[in-house]
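1. Sequence first, then the predicted structure, then my questions.
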Amino acid sequence: MKITDLKCAVIGNNPVVRINTDEGIYGLGEVEASKSYLKPHVLFYKDRILGQDPTDVERVMLNIRRLGSFKPWGSAVSAIEMALWDIAGKAADVPVYKLLGGKIRDRVRVYNGAVRFPMAPARSPAEGGRPPEDYADNMQRMIDAPQKFSIIKQGLAFHGGGITESPKHFYGTHQAGPGHANRGPLSERGLNYIVDCIRAMKEVCGDEVGLALDLGPGFLVPDARRLAQAVEDLNVAWLEDMLTGDYVPYVSADHYREVTQSTSTPIHTGEQIYLRHNFQDLIEKRAVDVIGPDPCDIGGIAELKWVAEYADMHGILMAPHGVLDGLLGLAALVQVAATLPQNYIAFEYPTGHPEWWYDIVTGLPDPIVVDSHIDVWDAPGMGVDLIAEEARRYLREEDADFFD
Ligand SMILES: [Mg+2]
(Lines give C-alpha, C1' and ligand atoms only; values in the text may rest on other atoms or scores of the structure.)
Protein backbone atom coordinates (compact mmCIF):
# COMPACT_ATOMS: atom_id res chain seq x y z
CA MET A 1 0.00 0.00 0.00
CA LYS A 2 1.20 3.51 -0.81
CA ILE A 3 0.25 6.99 0.35
CA THR A 4 -1.09 8.94 -2.63
CA ASP A 5 -2.23 12.18 -0.99
CA LEU A 6 -2.26 14.20 2.23
CA LYS A 7 -5.07 16.72 2.61
CA CYS A 8 -6.17 19.11 5.33
CA ALA A 9 -9.52 20.90 5.68
CA VAL A 10 -10.48 23.25 8.48
CA ILE A 11 -13.91 22.02 9.59
CA GLY A 12 -15.44 24.36 12.13
CA ASN A 13 -12.24 25.34 13.91
CA ASN A 14 -10.50 21.93 13.79
CA PRO A 15 -7.99 21.20 11.04
CA VAL A 16 -8.79 17.65 9.85
CA VAL A 17 -6.12 15.54 8.17
CA ARG A 18 -6.94 12.97 5.50
CA ILE A 19 -4.38 10.55 4.04
CA ASN A 20 -5.39 8.71 0.84
CA THR A 21 -3.84 5.49 -0.44
CA ASP A 22 -3.63 3.59 -3.72
CA GLU A 23 -5.94 0.91 -2.29
CA GLY A 24 -8.83 3.24 -1.59
CA ILE A 25 -8.37 3.08 2.19
CA TYR A 26 -8.02 6.50 3.83
CA GLY A 27 -7.21 7.67 7.34
CA LEU A 28 -8.34 10.68 9.37
CA GLY A 29 -6.71 12.71 12.13
CA GLU A 30 -7.65 15.91 13.90
CA VAL A 31 -5.92 18.99 15.34
CA GLU A 32 -7.12 21.00 18.36
CA ALA A 33 -9.87 23.57 17.72
CA SER A 34 -7.55 26.31 18.98
CA LYS A 35 -5.27 25.79 15.95
CA SER A 36 -7.37 26.56 12.88
CA TYR A 37 -4.26 28.25 11.41
CA LEU A 38 -2.34 24.98 11.21
CA LYS A 39 -3.34 23.77 7.73
CA PRO A 40 -0.17 24.99 5.94
CA HIS A 41 1.94 23.23 8.55
CA VAL A 42 0.11 19.94 7.93
CA LEU A 43 0.71 20.25 4.18
CA PHE A 44 4.39 20.98 4.82
CA TYR A 45 4.84 17.25 5.50
CA LYS A 46 3.10 16.04 2.34
CA ASP A 47 6.16 15.51 0.16
CA ARG A 48 7.89 13.69 3.01
CA ILE A 49 5.29 10.90 3.22
CA LEU A 50 3.99 10.44 -0.33
CA GLY A 51 4.69 7.02 -1.82
CA GLN A 52 5.40 5.35 1.53
CA ASP A 53 3.54 2.40 3.06
CA PRO A 54 1.17 3.92 5.67
CA THR A 55 0.86 0.62 7.53
CA ASP A 56 4.56 0.90 8.48
CA VAL A 57 3.56 3.74 10.76
CA GLU A 58 6.91 4.05 12.47
CA ARG A 59 8.91 4.18 9.24
CA VAL A 60 6.72 7.02 7.97
CA MET A 61 7.07 8.83 11.29
CA LEU A 62 10.87 8.74 11.07
CA ASN A 63 10.60 11.19 8.18
CA ILE A 64 8.51 13.80 9.94
CA ARG A 65 8.80 13.39 13.71
CA ARG A 66 12.02 15.39 14.03
CA LEU A 67 10.36 18.27 12.16
CA GLY A 68 7.94 19.07 14.97
CA SER A 69 8.16 20.69 18.37
CA PHE A 70 6.26 21.70 21.52
CA LYS A 71 2.65 22.87 21.20
CA PRO A 72 1.43 24.03 18.71
CA TRP A 73 4.13 22.68 16.36
CA GLY A 74 3.72 19.01 17.24
CA SER A 75 0.06 19.00 16.23
CA ALA A 76 0.46 18.35 12.53
CA VAL A 77 2.85 15.44 13.13
CA SER A 78 0.40 14.07 15.73
CA ALA A 79 -2.64 14.27 13.45
CA ILE A 80 -0.75 12.56 10.63
CA GLU A 81 0.26 9.77 13.01
CA MET A 82 -3.38 9.21 13.96
CA ALA A 83 -4.43 9.07 10.31
CA LEU A 84 -1.70 6.46 9.67
CA TRP A 85 -2.97 4.29 12.52
CA ASP A 86 -6.51 4.67 11.18
CA ILE A 87 -5.32 3.27 7.83
CA ALA A 88 -3.25 0.52 9.44
CA GLY A 89 -6.25 -0.62 11.49
CA LYS A 90 -8.60 -0.60 8.51
CA ALA A 91 -6.05 -2.49 6.39
CA ALA A 92 -5.71 -5.17 9.07
CA ASP A 93 -9.47 -5.08 9.78
CA VAL A 94 -8.88 -4.53 13.50
CA PRO A 95 -9.46 -1.61 15.88
CA VAL A 96 -6.34 0.47 16.43
CA TYR A 97 -6.05 -0.64 20.06
CA LYS A 98 -5.16 -4.15 18.79
CA LEU A 99 -2.15 -2.72 16.94
CA LEU A 100 -1.00 -0.85 20.07
CA GLY A 101 -0.74 -4.11 22.00
CA GLY A 102 -4.39 -4.79 22.75
CA LYS A 103 -6.76 -3.30 25.29
CA ILE A 104 -6.58 -3.93 29.01
CA ARG A 105 -9.97 -2.31 29.72
CA ASP A 106 -13.35 -2.49 27.96
CA ARG A 107 -14.38 1.01 29.00
CA VAL A 108 -12.24 4.06 29.63
CA ARG A 109 -12.72 6.63 32.34
CA VAL A 110 -12.95 10.28 31.28
CA TYR A 111 -12.82 13.49 33.28
CA ASN A 112 -14.62 16.75 32.61
CA GLY A 113 -12.70 19.67 31.19
CA ALA A 114 -15.12 20.57 28.39
CA VAL A 115 -18.73 20.29 29.57
CA ARG A 116 -19.22 23.80 30.90
CA PHE A 117 -22.03 26.03 32.15
CA PRO A 118 -22.04 29.83 32.17
CA MET A 119 -20.84 31.40 35.37
CA ALA A 120 -22.27 34.47 37.05
CA PRO A 121 -20.54 37.64 35.75
CA ALA A 122 -17.21 38.23 37.52
CA ARG A 123 -16.98 41.13 39.92
CA SER A 124 -14.38 43.76 39.25
CA PRO A 125 -10.89 43.11 40.61
CA ALA A 126 -11.40 46.01 43.04
CA GLU A 127 -14.26 44.04 44.57
CA GLY A 128 -11.98 41.05 45.02
CA GLY A 129 -12.83 39.05 41.89
CA ARG A 130 -15.40 36.31 41.56
CA PRO A 131 -16.62 35.07 44.95
CA PRO A 132 -15.77 31.44 45.86
CA GLU A 133 -19.52 30.64 46.03
CA ASP A 134 -19.75 31.20 42.24
CA TYR A 135 -17.23 28.42 41.73
CA ALA A 136 -19.14 26.17 44.11
CA ASP A 137 -22.48 26.81 42.34
CA ASN A 138 -20.92 26.14 38.96
CA MET A 139 -19.25 22.97 40.23
CA GLN A 140 -22.63 21.71 41.42
CA ARG A 141 -24.02 22.14 37.88
CA MET A 142 -21.14 20.13 36.46
CA ILE A 143 -21.64 17.42 39.07
CA ASP A 144 -25.31 17.23 38.03
CA ALA A 145 -24.46 16.85 34.30
CA PRO A 146 -25.81 13.64 32.71
CA GLN A 147 -22.30 12.23 32.11
CA LYS A 148 -21.92 11.78 35.90
CA PHE A 149 -18.24 12.70 35.75
CA SER A 150 -16.15 11.18 38.52
CA ILE A 151 -13.44 13.84 38.17
CA ILE A 152 -14.03 17.49 37.23
CA LYS A 153 -11.36 20.07 36.39
CA GLN A 154 -11.75 23.80 36.90
CA GLY A 155 -9.45 26.63 35.82
CA LEU A 156 -8.28 29.06 38.50
CA ALA A 157 -5.50 31.54 39.31
CA PHE A 158 -3.35 32.17 36.21
CA HIS A 159 -5.66 29.87 34.23
CA GLY A 160 -8.96 31.45 35.16
CA GLY A 161 -8.68 35.19 35.57
CA GLY A 162 -9.51 37.33 38.58
CA ILE A 163 -6.01 37.11 40.03
CA THR A 164 -3.55 38.94 37.85
CA GLU A 165 -5.85 41.94 37.27
CA SER A 166 -5.97 42.69 40.98
CA PRO A 167 -3.06 44.49 42.66
CA LYS A 168 -4.35 43.02 45.92
CA HIS A 169 -3.84 39.49 44.59
CA PHE A 170 -0.85 39.81 42.28
CA TYR A 171 2.50 41.55 42.84
CA GLY A 172 3.58 41.05 39.21
CA THR A 173 2.79 43.23 36.21
CA HIS A 174 -0.48 42.25 34.54
CA GLN A 175 -0.17 41.36 30.84
CA ALA A 176 -3.40 41.92 28.92
CA GLY A 177 -4.18 39.84 25.84
CA PRO A 178 -5.01 36.27 24.88
CA GLY A 179 -3.43 33.10 26.21
CA HIS A 180 -1.82 32.74 29.58
CA ALA A 181 0.93 35.32 29.35
CA ASN A 182 1.00 36.26 33.05
CA ARG A 183 3.64 35.07 35.47
CA GLY A 184 4.80 36.41 38.80
CA PRO A 185 4.46 36.51 42.57
CA LEU A 186 1.10 36.31 44.34
CA SER A 187 0.21 38.23 47.47
CA GLU A 188 -0.89 36.41 50.62
CA ARG A 189 -4.42 37.56 49.86
CA GLY A 190 -4.18 36.16 46.34
CA LEU A 191 -3.08 32.79 47.66
CA ASN A 192 -5.82 32.81 50.28
CA TYR A 193 -8.40 33.63 47.60
CA ILE A 194 -7.33 30.65 45.49
CA VAL A 195 -7.46 28.36 48.53
CA ASP A 196 -10.95 29.69 49.39
CA CYS A 197 -12.19 28.95 45.86
CA ILE A 198 -10.79 25.41 45.95
CA ARG A 199 -12.28 24.83 49.40
CA ALA A 200 -15.71 26.05 48.25
CA MET A 201 -15.69 23.69 45.26
CA LYS A 202 -14.42 20.80 47.34
CA GLU A 203 -17.34 21.24 49.72
CA VAL A 204 -19.82 20.40 46.96
CA CYS A 205 -17.63 17.62 45.51
CA GLY A 206 -17.16 15.85 48.83
CA ASP A 207 -15.23 12.63 48.29
CA GLU A 208 -17.71 11.54 45.61
CA VAL A 209 -16.27 13.61 42.76
CA GLY A 210 -12.54 14.25 42.31
CA LEU A 211 -11.55 17.91 41.96
CA ALA A 212 -8.67 18.83 39.66
CA LEU A 213 -7.43 22.40 39.25
CA ASP A 214 -5.80 23.90 36.16
CA LEU A 215 -3.83 26.80 37.60
CA GLY A 216 -1.22 28.14 35.27
CA PRO A 217 1.28 28.47 33.91
CA GLY A 218 2.59 31.46 35.81
CA PHE A 219 3.37 30.45 39.41
CA LEU A 220 6.83 30.94 40.87
CA VAL A 221 8.21 28.01 42.85
CA PRO A 222 7.62 29.39 46.40
CA ASP A 223 3.97 30.24 45.65
CA ALA A 224 3.35 26.86 44.00
CA ARG A 225 4.80 25.16 47.07
CA ARG A 226 2.70 27.24 49.47
CA LEU A 227 -0.52 26.61 47.54
CA ALA A 228 0.06 22.87 47.24
CA GLN A 229 0.72 22.64 50.98
CA ALA A 230 -2.25 24.85 51.88
CA VAL A 231 -4.73 22.49 50.18
CA GLU A 232 -3.21 19.24 51.43
CA ASP A 233 -6.16 18.50 53.72
CA LEU A 234 -8.57 18.76 50.76
CA ASN A 235 -7.17 15.76 48.86
CA VAL A 236 -7.64 17.31 45.43
CA ALA A 237 -7.06 15.06 42.40
CA TRP A 238 -4.20 17.23 41.12
CA LEU A 239 -2.88 20.76 40.62
CA GLU A 240 -2.07 21.25 36.94
CA ASP A 241 0.54 23.31 35.09
CA MET A 242 1.41 25.67 37.91
CA LEU A 243 4.93 26.44 36.65
CA THR A 244 4.93 25.60 32.94
CA GLY A 245 2.28 24.28 30.56
CA ASP A 246 0.08 25.33 27.66
CA TYR A 247 2.30 27.03 25.08
CA VAL A 248 5.47 27.11 27.19
CA PRO A 249 8.18 25.45 25.08
CA TYR A 250 10.20 24.05 27.98
CA VAL A 251 9.59 21.83 31.01
CA SER A 252 11.48 23.06 34.13
CA ALA A 253 11.60 19.59 35.65
CA ASP A 254 13.87 20.62 38.54
CA HIS A 255 11.43 23.35 39.60
CA TYR A 256 8.52 20.94 39.44
CA ARG A 257 10.49 18.41 41.45
CA GLU A 258 11.00 20.94 44.25
CA VAL A 259 7.26 21.59 44.44
CA THR A 260 6.26 17.95 44.15
CA GLN A 261 8.68 16.76 46.82
CA SER A 262 7.45 19.39 49.27
CA THR A 263 3.81 18.29 49.37
CA SER A 264 1.37 15.39 49.44
CA THR A 265 -0.87 17.19 46.89
CA PRO A 266 -0.50 15.53 43.46
CA ILE A 267 1.24 17.79 40.94
CA HIS A 268 0.45 17.49 37.21
CA THR A 269 1.86 18.83 33.95
CA GLY A 270 2.67 17.90 30.36
CA GLU A 271 -0.08 18.89 27.90
CA GLN A 272 2.23 20.99 25.69
CA ILE A 273 5.19 18.61 25.65
CA TYR A 274 6.32 17.01 22.38
CA LEU A 275 7.91 13.53 22.25
CA ARG A 276 9.10 11.04 24.85
CA HIS A 277 12.51 12.74 25.06
CA ASN A 278 10.99 15.86 26.55
CA PHE A 279 9.22 13.80 29.23
CA GLN A 280 12.46 12.07 30.21
CA ASP A 281 13.51 14.59 32.89
CA LEU A 282 10.02 14.84 34.38
CA ILE A 283 9.74 11.07 34.63
CA GLU A 284 13.24 10.02 35.65
CA LYS A 285 13.48 12.78 38.26
CA ARG A 286 9.97 11.98 39.48
CA ALA A 287 9.33 15.68 39.10
CA VAL A 288 5.53 15.38 39.07
CA ASP A 289 2.97 12.81 40.22
CA VAL A 290 0.74 12.89 37.15
CA ILE A 291 1.48 13.68 33.51
CA GLY A 292 -1.10 14.79 30.95
CA PRO A 293 0.24 14.49 27.41
CA ASP A 294 -2.24 15.24 24.64
CA PRO A 295 -2.19 12.73 21.74
CA CYS A 296 -2.77 15.71 19.43
CA ASP A 297 0.44 17.40 20.66
CA ILE A 298 2.87 14.77 21.92
CA GLY A 299 3.42 13.22 18.48
CA GLY A 300 0.50 10.80 18.34
CA ILE A 301 -1.03 7.86 20.14
CA ALA A 302 1.92 5.46 19.98
CA GLU A 303 4.13 8.18 21.43
CA LEU A 304 1.63 8.69 24.25
CA LYS A 305 1.50 4.97 24.94
CA TRP A 306 5.31 4.78 25.11
CA VAL A 307 5.46 7.66 27.60
CA ALA A 308 2.68 6.10 29.71
CA GLU A 309 4.62 2.84 30.02
CA TYR A 310 7.80 4.66 30.99
CA ALA A 311 5.89 6.81 33.50
CA ASP A 312 4.38 3.69 35.06
CA MET A 313 7.85 2.25 35.58
CA HIS A 314 8.64 5.37 37.62
CA GLY A 315 5.48 5.53 39.71
CA ILE A 316 3.88 8.38 37.78
CA LEU A 317 0.18 8.46 36.85
CA MET A 318 -1.53 9.33 33.54
CA ALA A 319 -4.35 11.81 32.94
CA PRO A 320 -4.09 12.73 29.23
CA HIS A 321 -5.21 16.18 28.04
CA GLY A 322 -7.80 16.39 25.27
CA VAL A 323 -10.35 19.17 25.78
CA LEU A 324 -10.11 20.64 22.26
CA ASP A 325 -9.25 17.47 20.32
CA GLY A 326 -12.71 17.18 18.72
CA LEU A 327 -14.63 14.02 17.95
CA LEU A 328 -11.96 12.36 15.79
CA GLY A 329 -9.47 13.20 18.51
CA LEU A 330 -11.87 11.63 20.99
CA ALA A 331 -11.73 8.38 19.03
CA ALA A 332 -7.93 8.42 19.13
CA LEU A 333 -8.04 9.02 22.90
CA VAL A 334 -10.41 6.08 23.40
CA GLN A 335 -8.22 3.74 21.33
CA VAL A 336 -5.02 4.58 23.18
CA ALA A 337 -6.59 4.86 26.65
CA ALA A 338 -7.89 1.31 26.29
CA THR A 339 -4.28 0.12 26.09
CA LEU A 340 -2.58 2.25 28.74
CA PRO A 341 -1.05 0.55 31.78
CA GLN A 342 -2.64 0.60 35.20
CA ASN A 343 -1.26 4.04 36.06
CA TYR A 344 -4.14 5.41 33.95
CA ILE A 345 -6.61 7.69 35.76
CA ALA A 346 -8.80 9.25 33.05
CA PHE A 347 -8.51 11.40 29.92
CA GLU A 348 -10.00 14.83 29.41
CA TYR A 349 -13.22 14.36 27.44
CA PRO A 350 -13.43 16.53 24.29
CA THR A 351 -16.77 17.73 22.96
CA GLY A 352 -17.75 18.69 19.40
CA HIS A 353 -17.98 22.42 18.59
CA PRO A 354 -20.07 23.68 16.93
CA GLU A 355 -22.85 21.27 17.86
CA TRP A 356 -23.22 20.11 14.22
CA TRP A 357 -20.02 18.13 14.60
CA TYR A 358 -22.21 15.38 16.09
CA ASP A 359 -24.16 15.26 12.78
CA ILE A 360 -21.10 14.74 10.59
CA VAL A 361 -19.29 12.00 12.54
CA THR A 362 -20.39 8.38 12.58
CA GLY A 363 -19.21 5.54 14.82
CA LEU A 364 -19.52 7.13 18.26
CA PRO A 365 -21.79 5.60 20.91
CA ASP A 366 -24.94 7.48 21.91
CA PRO A 367 -24.79 8.68 24.61
CA ILE A 368 -21.02 8.87 24.47
CA VAL A 369 -20.34 9.05 28.21
CA VAL A 370 -22.18 6.93 30.76
CA ASP A 371 -21.16 7.09 34.43
CA SER A 372 -17.94 8.90 33.52
CA HIS A 373 -16.90 6.09 31.14
CA ILE A 374 -16.89 5.42 27.40
CA ASP A 375 -17.31 1.86 26.12
CA VAL A 376 -14.46 0.94 23.79
CA TRP A 377 -15.82 0.14 20.33
CA ASP A 378 -14.51 -2.54 17.97
CA ALA A 379 -14.87 -1.11 14.45
CA PRO A 380 -11.68 -1.24 12.33
CA GLY A 381 -9.18 1.62 12.50
CA MET A 382 -10.17 4.46 14.80
CA GLY A 383 -13.75 3.27 14.29
CA VAL A 384 -15.17 6.69 13.42
CA ASP A 385 -15.64 8.43 10.10
CA LEU A 386 -16.85 11.70 8.61
CA ILE A 387 -20.19 11.47 6.79
CA ALA A 388 -19.14 13.14 3.55
CA GLU A 389 -22.65 14.20 2.48
CA GLU A 390 -23.23 15.90 5.82
CA ALA A 391 -19.74 17.32 6.28
CA ARG A 392 -19.47 18.83 2.77
CA ARG A 393 -21.75 21.72 3.60
CA TYR A 394 -19.31 22.88 6.28
CA LEU A 395 -16.23 22.77 4.05
CA ARG A 396 -14.59 26.03 3.05
CA GLU A 397 -14.44 26.69 -0.67
CA GLU A 398 -10.70 25.98 -0.85
CA ASP A 399 -11.31 22.55 0.76
CA ALA A 400 -14.12 21.49 -1.62
CA ASP A 401 -12.14 18.45 -2.87
CA PHE A 402 -11.38 17.14 0.63
CA PHE A 403 -13.44 13.98 0.20
CA ASP A 404 -12.24 13.23 -3.35
MG1 LIG B 1 -4.28 22.41 31.21
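-> Arrived safely, thanks for sending.
2. For the residue of the stretch 51-200 of the chain found nearest the ion, list the residues it contacts.
-> Ranking the residues of the stretch 51-200 of the chain by distance to the ion (C-beta to the ion) places H159 first, at 6.9 Å. (Each C-beta comes from the backbone N, C-alpha and C, glycine too.) H159 makes contact with H180, D214, L215, G216, E240, D241 under the criterion C-beta atoms under 8 Å, 6 or more residues apart in numbering.
3. Pull the most distant pair out of the residues you listed.
-> Farthest apart among the contacts of H159 by C-beta to C-beta are H180 and E240. That separation is 11.9 Å.
4. ok, which residues in this protein are in contact with the ion?
-> With C-beta under 5 Å from the ion as the criterion, the chain meets the ion at residues D214, D241.
5. for the stretch 151-300 of the chain, what spans make up the helices?
-> 188-205, 221-230, 253-261, 280-284, 295-298 (DSSP state H, counting those that start in this stretch).
6. wait, which of those helices is closest to T21?
-> By C-beta to C-beta (comparing all of the helices of the stretch 151-300 of the chain), the closest turns out to be helix 295-298, at 22.1 Å.
7. how much space between A237 and the ion?
-> Spatial separation of A237 from the ion under the definition C-beta to the ion, to the nearest Å is 13 Å.
8. ok, now which ones touch that residue?
-> Y111, I151, K153, G210, L211, A212, P266, I345.
9. Closest residue of the stretch 201-350 of the chain to the ion?
-> Nearest residue of the stretch 201-350 of the chain to the ion (C-beta to the ion) works out as D214 at 4.3 Å.
10. I'd say that residue and Q154 touch.
-> Yes - D214 sits in contact with Q154 when judged by C-beta atoms under 8 Å, with a separation of 7.1 Å.
11. what do the two both touch?
-> The contact lists of D214 and Q154 share G160, where a contact means C-beta under 8 Å, 6+ apart.
12. If you count surrounding residues, which of the two has more?
-> In terms of neighbours (other C-beta atoms under 10 Å), D214 is the more surrounded of D214 and Q154; the figures are 27 against 21.
13. ok, and the closest non-adjacent residue to V94?
-> Spatial nearest neighbour of V94, chain neighbours left out: P380 (6.1 Å); criterion: C-beta to C-beta, 6 or more residues apart in numbering.
14. For the one you found, what are phi and psi?
-> P380 has phi and psi values of phi -60, psi 150 when expressed as degrees, to the nearest 10.
15. Could you list the buried residues of the helix or strand containing T4?
-> If you go by DSSP states H and E, T4 is part of strand 3-11. By neighbour count, with 16 or more other C-beta atoms under 10 Å as the criterion, the buried positions of strand 3-11 are I3, L6, K7, C8, A9, V10, I11.
16. I'd like to know which elements it is packed against.
-> With contacts taken as 3 or more C-beta pairs under 8 Å, 6 or more residues apart in numbering; DSSP states H and E, strand 3-11 sits against strand 14-21, helix 39-44, helix 46-49.
17. and those, which is most packed in?
-> With neighbours taken as mean count of other C-beta atoms under 10 Å, the helices and strands packed on strand 3-11 reach their highest mean count in strand 14-21, at a mean of 24.
18. partners of that strand, with directions?
-> Partner strands and pairing direction for strand 14-21 (DSSP bridges) are strand 3-11 (antiparallel), strand 26-30 (antiparallel).
19. Let's see which of the contacts of H159 end up in strands.
-> Using DSSP state E to define strands, the subset of these located there is D214, E240.
20. In JSON lines: the contacts of H159, plus distance to P167 and pLDDT.
-> Formatted as JSON lines, the contacts of H159 follow (distance: C-beta to C-beta, whole Å; pLDDT from 0 to 100):
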{"residue": "H180", "distance to P167": "19", "pLDDT": "82"}
{"residue": "D214", "distance to P167": "24", "pLDDT": "98"}
{"residue": "L215", "distance to P167": "20", "pLDDT": "97"}
{"residue": "G216", "distance to P167": "20", "pLDDT": "94"}
{"residue": "E240", "distance to P167": "26", "pLDDT": "98"}
{"residue": "D241", "distance to P167": "24", "pLDDT": "98"}
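21. Assign a three-state SS to V110, would you?
-> In three-state terms, and counting by DSSP: H, G, I helix; E, B strand; the rest coil, V110 is strand.
22. which one is it nearest to, not counting chain neighbours?
-> Among residues not flanking V110 along the chain, Y349 sits closest, at 3.9 Å (C-beta to C-beta, 6+ apart).
23. need the contact list for the one you found.
-> Counting by C-beta under 8 Å, 6+ apart, the residues that Y349 touches are 110-115, 147, 149, 322-323, 330, 369, 374.
24. Recalculate using a threshold of 7 Å.
-> Contact partners of Y349, counting by C-beta atoms under 7 Å, 6 or more residues apart in numbering, are V110, Y111, N112, G113, A114, G322, V369.
25. Would you list the buried entries among the residues you listed?
-> Burial by neighbour count, judged by 16+ other C-beta under 10 Å, picks out V110, Y111, N112, G113, A114, G322, V369 from the contacts of Y349.
26. Dump those into a markdown table; add distance to V307 and pLDDT as well.
-> Below are those laid out as a markdown table (distance: C-beta to C-beta, whole Å; pLDDT from 0 to 100):
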| residue | distance to V307 | pLDDT |
| --- | --- | --- |
| V110 | 19 | 99 |
| Y111 | 19 | 98 |
| N112 | 23 | 98 |
| G113 | 20 | 97 |
| A114 | 23 | 97 |
| G322 | 15 | 98 |
| V369 | 25 | 98 |
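27. which of the residues you listed lies closest to L191?
-> Within these, the smallest distance to L191 is 23.8 Å, found for G113 (C-beta to C-beta).
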